[in-house]
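**Student:** I'll drop the sequence and a predicted model, then ask my questions.
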Amino acid sequence: MNWKNLLETVSESVNDQLRLRHDYLVAENRILRNQIDGRVQLTDSERKELAEIGVKLGKQALIEIATVAQADTILAWHRKFATQTVDTSACPKAVGRPA
């Protein structure tokens, strides 16, 4: 067996394993979404995490798999969080009455 055939066999095995994991996660998400009534409340850190992964996937993949929010919404979150910068130049002001 030459190395090309070996590489092809290993790649097919890995792809099959990833496909099975993906199918499982899709089914699990569908089941859990059916058990939830109403909207899912997300924190900004959760939105940021989904947006970072979502922009890497692309709009078409998000349309197929996203269930928490629409693909356009997730991409909008990325635009929102990408433009936010943290200002570290000034010290935070003290809270309360001045001395």
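**Tutor:** All right, it came through fine.
**Student:** distance check, the residue sitting furthest away from the middle of the chain against residue 93.
**Tutor:** Distance from the centre of the chain peaks at residue 99, with 46.7 Å (C-alpha atoms, centre = their mean). Using C-beta to C-beta, to the nearest Å, residue 99 is found at 13 Å from residue 93. Where C-beta positions appear, they are placed from N, C-alpha and C, glycine not excepted.
**Student:** then residue 43?
**Tutor:** 26 Å.
**Student:** and the longest helix for this protein?
**Tutor:** helix 3-35 (DSSP state H).
**Student:** can you pull out the low-pLDDT segments for the chain?
**Tutor:** 1, 85-92 (pLDDT under 70).
**Student:** if we use 80, what do you get?
**Tutor:** 1, 3-4, 6-10, 13-14, 84-96, 98-99 (pLDDT under 80).
**Student:** number of residues surrounding residue 54?
**Tutor:** Residue 54 has 22 neighbours, counted by other C-beta atoms under 10 Å.
**Student:** then residue 52?
**Tutor:** 14.
**Student:** check which helix or strand it maps to.
**Tutor:** helix 44-57 (DSSP states H and E).
**Student:** just the buried positions in that helix, please.
**Tutor:** 47, 48, 50, 51, 54, 55 (16 or more other C-beta atoms under 10 Å).
**Student:** and the next helix or strand past that helix?
**Tutor:** Next helix or strand after helix 44-57 toward the C-terminus (DSSP H and E): helix 59-65.
**Student:** residues in contact with that following helix?
**Tutor:** Contacts to helix 59-65, defined as C-beta atoms under 8 Å, 6 or more residues apart in numbering, come from residues 26, 54, 57, 71, 72, 74, 75.
**Student:** turn those into JSON lines, columns for distance to residue 17.
**Tutor:** Output for these, formatted as JSON lines (distance: C-beta to C-beta, whole Å):
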{"residue": "26", "distance to residue 17": "15"}
{"residue": "54", "distance to residue 17": "23"}
{"residue": "57", "distance to residue 17": "19"}
{"residue": "71", "distance to residue 17": "27"}
{"residue": "72", "distance to residue 17": "32"}
{"residue": "74", "distance to residue 17": "27"}
{"residue": "75", "distance to residue 17": "29"}
